[in-house]
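J.: please work out how this folds:
(chains A and B)
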Amino acid sequence: MNITNLKLREMRDLLDKKSISAIELTQEYLNRINKFDDKIQSYITVTEDLAMDSAKKAQEKIDNGNTNPLCGIPISIKDNICTNGIKTTCASKSLENFIPPYNATVVDKLDSQNAVMLGKTNLDEFAIGATTQSSVFAKTKNPFDLSKVPGGSSGGSAASVSASLCAASIASDTGGSLRQPAALCGVTGLKPTYGRVSRHGLVAIASSMDQIGAIAKDAHDCAFILNTIAGFDCNDATSSKAEVIDFTSKIGESIKGLKIAIPKEFYDSNIGINSEVKNSVLAAAEKYKKMGAELVECCLPSLKYAVATYLILSSAEAASNLSRIDGIKYGHRSTRGENFNELIINSRTEGFGDEVKRRILLGNFVLSIEQYDDYYKKALALRQRFITEYADIFEKCDVILTPTTLSTAARTDENISTPFKTYLDNICTVSSDIASLPAISTTCGYDSNGMPIGMSIIGKKFDEATIVQVADAFEKSFNAVSPELI
Amino acid sequence: MSYIPVIGLEIHAELLTQSKIFCSCSAEFGGEQNSRCCPGCSSMPGTLPVLNKTAVKYAIKAGLAMNCEINKFSVFDRKNYFYPDLPKAYQVSQLEFPLCINGYVPIHVDGKEKKIRLNRIHLEEDAGKLIHDDFNAVSLVDLNRGGIPLIEIVTEPDINSAEEAKAFVEQVSLLLQYTGVCSCKMEQGALRCDVNISLMKPEDTEFGTRVEIKNLNSLKSIGRAIEYEIKRQSRMLDNGERIIQETRRFNDNRGETKSMRNKEDAHDYRYFPDPDIPQVNLTDEDLEAIRAELPEMPDKRLERYINEYGLSETDAQIIVNQKLISDFYDETVKNYNNPISVSNFITVELLRRVNLGEVSMDNLPFSAKEFASLIEMADTDKVSKNDAKKILRLMVETGKSPEDIAKENGFLIVNDISKADEIISTVLAENAAVVEQYKNGETKVFGFLMGQCTKKLKGVCTPQVIKETLEAKLK
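T.: Numbering: from 1, shown residues only, chains lettered A, B, ... in the order given. Modelled structure (predicted):
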């Protein structure tokens, strides 16, 4: 038995029973990273020494009877979440040497439980993208097929979990950045309600949608981690004071009578959904029905505007948020420039990749005086419409079931020079971010090439416990496969 | 030709909060460079702003003091522009929903009252400071000031002269001092002013093209810049030239304004609501609680001093014009209920010491209670009027109580009548010849006798007693 194939909570048991030590567990993961990550390239930075130190400390705690849920559990953290004294690059040349002097709140919370950080995972530059191919450091591969992308932007996190190069990963989601790679890498990704987890220390792209969540082997593990990282934070005014309950509390409860909404727009061939994906998700729906849930057909009429709304809002915010990377105080500084204007222009031109520049241009365009009313203002109005349409569905239903992606992972060499197509691929995930709703993606099948297919369960605001319950109910009846690594 | 100047002001006032607007760094003026900044106010990637509630309260207080409507729903926006003193590359400000709107401030110029309407007061953050080191050819940034809360007070174009502009700034400064939200120390940049100015002919129905003069930091330069601009624009119009809409800088040394940038270079700030800062929602109870914290404002105090205390308008105005003086006056009157006498002593004696730079009102070495007791001692002849002045000087120098100083220096008058009688008799005996002269009708020698007695009776009794006793004895 390979211990790294276990669920996080199974490791917890072994650690508590002293069947294994945190040091051995950590060493095992570091060995695997050494062995496999050259191929997968899921990590930007592996903090080997620090991990072993933390593991020793964790073991001392365990020996003293500490059974904190994450004590001694080796995890990875997406490299856009600030770690004190450890490079936080956002996979960008502009921040390649950025060493934060402070921890993100989530990192502090993990530290306080003696979780073991193995390293920082790869992402699309500044978490903008859906392939993890725009990182300046590495192009992460899909553990199920190294010729395919892992999705993104949290591709490093999803791949590291999928390839068992960590027990779980802390990642971020803005328009699907956590759920989409989880789906493409055959693991589970939980994006909590906006405000559920503090964003303090998460390098912002779209402040009104960014949210930290967990990628793990299953829904139960994700909820387990959310129990640790959720909660109000006085350093983040947008974090919620909603009560933090035990997110695993509904696991195992029968879903009999539960109403699952199936919004037809998500399954419409107009949006370009692959039939294998569609059939797999609808088969999962039937399975729920057999478990006693009620499937309710409904609609989300504005879905066709979701990508545009998302792109306008997120690009506007990203353009502003990324402005601080100007080479003056932060970011790569060019050696060229006669005055500060030139210096800023050259620094940003050299420091940012194409996709980031594209979003900055788009964001500034939609915020400009001439365009504001036509784009940004309309997108704000559409956001309200999404909130209303979702609220209408939740009047009648408990959760919503959608595909996570339109198709399974693309090849790394597939033409990605048409950014607009890539944007449209996010149609299944962006609308829950626009409406601040929690969502979880879990594997519901595999395509004819054995590539994972993900489905998403979207919940009511702050009702993570129910989507975890629903995802778990399926996972228990499903035989998820781990990728074969050689 | 003579034109009507049309002037609007934007005043930036730094708020006296303990901490900055979005982090817990000290908002105090000065400090070693970059000693008052943290990951937050140096805009480290990943940090988030957390709004300082006191800053909101102070902005509202300023709004109430200037007769504004308070928006119960208020939003913070990002104003995006690159500048090395602005590490986030956007300034958090308020565009569409500022905290305060539609106020007015009455000013008095040439004996006439005029209301200057306010368009708005909004809350925003200050930027850092650039230090240009020409010697080493580098520019350095000091972020201590970055993130200090500011209010921007924006007037309607209701001002028509340099005098009115100055009177307005003075009045605003006074109101801010009374509400306690700004030190108003212009030399420290706590109050800074932008002037928008255009000229129109009396028969014109539309305003002329306006020019903005940025960052004036003294009353004097506000006046001079406006005067210069009126002359410059008048001359141009007289010559048939067109005024261009532009931003100008005032050079204090040369007394001239110079173009900084014109309209074509104007920024598009790409304002949008800051998604990191929740909207501010205030209740009526919140507003009432803030209103209740406001002190009595200068116009009310002036009224009270004149109507209740019977002070002259001039004296009342002198006292009201500085909150510290007015507070000290009120506190003194509380301890010694003789408002006119206290007013006289403050406006003449205390302010003399202040004006001579011996002491400042924000750092008096004695209490209002001690000050009150000094005035009472003088009024009740426990010390002479002249000695009271000396005592005040010693209080300023030593901080000792007036009683102690009077005792130590023999200023106390005990009014020992029998002793006075005895000494006066001795003086008369010693000056028998002079007494003879007096009795022979040379009454002018009375002054000499009075002087002799006073010298010997210092601290024994009041001049009044001496005079009466002497007259009785000489009869």
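
J.: every contact and neighbour count from this point should use C-alpha atoms.
T.: OK.

J.: burial check on A:Asn479, number of neighbours?
T.: 11 (other CA atoms under 10 Å in any protein chain shown).

J.: name the residues linked to the nearest residue to B:Asp274 once chain neighbours are set aside by a beta bridge.
T.: Counting by CA to CA, 6 or more residues apart in numbering or on different chains, B:Asp77 is the residue found nearest to B:Asp274 once chain neighbours are left out, at 4.8 Å. Here B:Asp77 sits in beta bridges with B:Ser93, B:Pro273, as judged by DSSP bridges.

J.: for residue 138, what are its contacts?
T.: Picking chain A for this. The contact partners of A:Ala138, taken as CA atoms under 8 Å, 6 or more residues apart in numbering or on different chains, are A:Gln41, A:Ile44, A:Asn122.

J.: hm, I was asking about chain B
T.: Counting by CA under 8 Å, 6+ apart, B:Val138 has contacts B:His132.

J.: and it, how far from chain A?
T.: According to CA to the nearest CA, to the nearest Å, B:Val138 stands 11 Å off from chain A.

J.: is it true that B:Glu59 touches B:Leu123?
T.: Glu isn't right for residue B:59; it's Ala. Yes. If you go by CA atoms under 8 Å, B:Ala59 and B:Leu123 touch, sitting 6.5 Å apart.

J.: overlap in contacts, the two.
T.: Residues touching both B:Ala59 and B:Leu123 by CA under 8 Å, 6+ apart: B:Leu99, B:Ile151.

J.: tell me if stretch B:95-109 is near chain A.
T.: No. Shown here: stretch B:95-109 not in contact with chain A (CA under 8 Å from any CA of the partner chain), separated by at least 13.2 Å.

J.: now the end-to-end length of that stretch.
T.: This stretch, stretch B:95-109, spans 32 Å end to end (CA to CA, to the nearest Å).

J.: wondering if stretch A:363-377 reaches chain B at all.
T.: Yes. Using CA under 8 Å from any CA, stretch A:363-377 reaches chain B at A:Asn364, A:Leu367, A:Ser368, A:Ile369.

J.: returning to that earlier point: give me the neighbour count for the residue nearest to B:Asp274.
T.: With other CA under 10 Å as criterion, B:Asp77 counts 23.

J.: same deal with B:Glu187?
T.: The number of residues near B:Glu187, taken as other CA under 10 Å, comes to 10.

J.: next: the one 4 residues further on.
T.: Neighbour count of B:Leu191, defined by other CA under 10 Å: 26.

J.: ok, now the one 10 residues further on?
T.: When counting by other CA under 10 Å, one arrives at 14 neighbours for B:Lys201.

J.: tell me if I'm right that the residue nearest to B:Asp274 and B:Arg270 touch.
T.: No. If you go by CA under 8 Å, B:Asp77 and B:Arg270 don't touch, sitting 9.7 Å apart.

J.: could you pull out the helices for the stretch 201-350 of chain B?
T.: Applying DSSP state H, counting those that start in this stretch to the stretch 201-350 of chain B gives helices spanning B:219-238, B:284-293, B:298-307, B:313-320, B:323-335, B:339-344.

J.: of those helices, which is nearest A:Glu60?
T.: Closest approach to A:Glu60 among the helices of the stretch 201-350 of chain B (CA to CA): helix B:284-293, 51.1 Å.

J.: ok, A:Asp447 touching A:Ala409?
T.: No. Counting by CA under 8 Å, no contact exists between A:Asp447 and A:Ala409, whose distance comes to 10.1 Å.

J.: which one's more surrounded, these two?
T.: Neighbour comparison, A:Asp447 and A:Ala409: the larger count goes to A:Ala409, with 24 against 14 (by other CA under 10 Å).

J.: just confirm that one is within a helix.
T.: No. Counting by DSSP: H, G, I helix; E, B strand; the rest coil, one finds A:Ala409 to be coil, located in no helix.

J.: on that earlier part again, if I look at the residue nearest to B:Asp274, how far off is B:Lys129?
T.: Distance from B:Asp77 to B:Lys129, by CA to CA: 22 Å.

J.: close to chain A: what parts of chain B are there?
T.: So far as CA under 8 Å from any CA goes, chain B lies against chain A at B:39, B:43-51, B:80, B:82-84, B:87-90, B:268-272, B:275-278.

J.: which of those are buried? Put it as a ChimeraX command.
T.: Applied in ChimeraX, the following selects the buried portion of the residues of chain B next to chain A according to 16 or more other CA atoms under 10 Å in any protein chain shown:
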select /B:43,44,45,46,47,48,49,50,51,80,82,83,84,87,88,89,90,269,270,271,272,275,276,277,278
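
J.: show me where the stretch 301-450 of chain A has helices.
T.: Going by DSSP H, counting those that start in this stretch, the stretch 301-450 of chain A shows helices at A:306-321, A:340-351, A:354-367, A:376-396, A:419-424, A:427-434.

J.: can I get those in a markdown table including mean neighbour count and mean pLDDT?
T.: Converted to a markdown table, those look like this (neighbours: other CA atoms under 10 Å in any protein chain shown; pLDDT from 0 to 100):
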| stretch | mean neighbour count | mean pLDDT |
| --- | --- | --- |
| helix A:306-321 | 24 | 98 |
| helix A:340-351 | 18 | 95 |
| helix A:354-367 | 19 | 97 |
| helix A:376-396 | 17 | 98 |
| helix A:419-424 | 14 | 80 |
| helix A:427-434 | 26 | 97 |
